[in-house]
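> Next one to model:
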Amino acid sequence: MRCKNLGGVMASVLLAAGSLAQADTFKVWSPDVIAGHFALAQVFNRSDCRGANVPPRLEWSGEPVGTQGFVVTLFDPDARSGQGWWHWVVSGIPATVHSLQAATGLPPGAVETRNDFGLPGYGGPCPPQGSAHHYRIEVFAIGADSPGIKPDTPPARAGALARAASIGKASLVVLYAR
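A predicted model of the protein is given here:
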């Protein structure tokens, strides 16, 4: 079969196909997520939520070529605020790191922002009683341009900066109901 270059259209299609193939290899998973649900250890410990508020262990692989680092986010799009709820943002993860383990702490150079609870670091799920929420864990592969996320960066802004600097993304959606 002969392909005709229509002013760069074929090149764009090939690049898009390459990006889709690359996206299929970039994956994130968690040994703390069982059958798509968080364990009690990951649940927030405040108000009427009684978990241990321990961040889930995360592992990822298959990031795009050119990855210089990673940003991890945990976001609840179902929150009543209408704008979702940011539970966790970790930035500055070196490209050589392919996991986050609560027991060992953050890798050197990594920083956490405040979450929407107003606390630094991780704030686990705590949906209203009688509801189920979907929590989106995303690992963004960051290229040469650092997103510039600092501990005082508001979490919604940090998420936008991570998306803007991203050259690839792996996602895991986790359910938690009370």
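
> so the residue nearest the centre of the chain bridges to which residues?
With distances taken as CA atoms, centre = their mean, residue 138 lies nearest the centre of the chain, 2.2 Å away. Note on residue 138: beta-bridge partners by DSSP bridges are residue 73, residue 171.

> Pretty sure it sits against residue 174.
No: under the criterion of CB atoms under 8 Å, residue 138 makes no contact with residue 174, lying 11.5 Å away. All C-beta atoms are positioned from the backbone trio N, CA, C, and that covers glycine.

> Which pLDDT does the model give the residue nearest to the centre of the chain?
We have a pLDDT of 98 for residue 138.

> The closest residue to residue 88 other than its chain neighbours: what's it in contact with?
For residue 88, ignoring the flanking residues on the chain, the nearest one in space by CB to CB, 6 or more residues apart in numbering is residue 74 at 3.9 Å. Counting by CB atoms under 8 Å, 6 or more residues apart in numbering, residue 74 touches 86, 87, 88, 89, 122, 135, 136, 137.

> can you do 7 Å?
Residues in contact with residue 74 (CB atoms under 7 Å, 6 or more residues apart in numbering) are 87, 88, 135, 137.

> Residue 49 too?
Residue 49 is in contact with 43, 126, counting by CB under 7 Å, 6+ apart.

> Name the residues linked to it by a beta bridge.
residue 46.
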